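J.: the following block contains a protein sequence and its predicted model.
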Amino acid sequence: MNHGGHPALALPLTAPVAFPNEPPPSLQVIGRRGGEHLLLEIGLALEQAGIVAFRPPAGAAA
C-alpha cells in the first residue's frame with residue numbers, strides 16, 4: 001500500500017550476470033484501490049515468465 005492508498009508491488013528484474021555486485025533494476029506496479037489480487041497475479045506471471053526474480057546480495061547466504 002502506498003501513501004495514496006493504492007496497492008503497490010516492487011519487483012526485482014532479472015539482472016545480467018555481468019553485474020553480480022550491483023542491486024538489480026526493479027519494476028514497480030501500482031494498482032487501483034482494492035486491486036491487490038490483480039497485482040499479485042501480475043507479479044506471479046512475471047516471475048513465471050522469468051522477467052522478475054530474487055537474487056540475494058553478493059556475499060549473503062542464499
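T.: Looks like it came in fine.

J.: from I42, how far out is L27?
T.: Between L27 and I42 the computed distance is 10 Å (Cβ to Cβ, to the nearest Å). Where you see a C-beta, it was placed from the backbone N, CA and C, and this is true even at glycine.

J.: also E36?
T.: Distance from E36 to I42, by Cβ to Cβ: 11 Å.

J.: any idea how far E47 is from F54?
T.: According to Cβ to Cβ, F54 stands 9 Å off from E47.

J.: now N21
T.: 23 Å.

J.: same deal with G34?
T.: Using Cβ to Cβ, we find G34 at a distance of 23 Å from E47.

J.: apart from its neighbours in sequence, what residue is nearest the residue minimising distance to the centre of the chain?
T.: Taking Cα atoms, centre = their mean, the centroid of the chain lies closest to L11, which sits 0.7 Å from it. Residue nearest to L11 in three dimensions, not counting chain neighbours: V52, with 4.1 Å by Cβ to Cβ, 6 or more residues apart in numbering.

J.: who does the one you found bridge with?
T.: L13 (DSSP bridges).

J.: returning to what we had before: G34 and E47: who's more crowded?
T.: E47 (14 against 10; other Cβ atoms under 10 Å).

J.: run through the neighbouring helices and strands of the helix or strand the more buried one falls within.
T.: Assignment of secondary structure by DSSP states H and E places E47 within helix 36-48. Under the contact definition 3 or more Cβ pairs under 8 Å, 6 or more residues apart in numbering; DSSP states H and E, helix 36-48 sits against strand 8-12, strand 26-30.

J.: so, low pLDDT: which residues of the chain?
T.: Within the chain, the segments meeting pLDDT under 70 span 1, 15-20, 55-62.

J.: what about 80?
T.: Scanning the chain for pLDDT under 80 picks out 1-3, 14-24, 54-62.

J.: and G31, how close does it get to T14?
T.: 22 Å.

J.: the closest residue to T14 other than its chain neighbours: neighbour count?
T.: In space, and not counting its chain neighbours, T14 is closest to A53: 4.8 Å by Cβ to Cβ, 6+ apart. Counted with other Cβ under 10 Å, the neighbours of A53 add up to 13.

J.: please consider this matter closed, and thank you.
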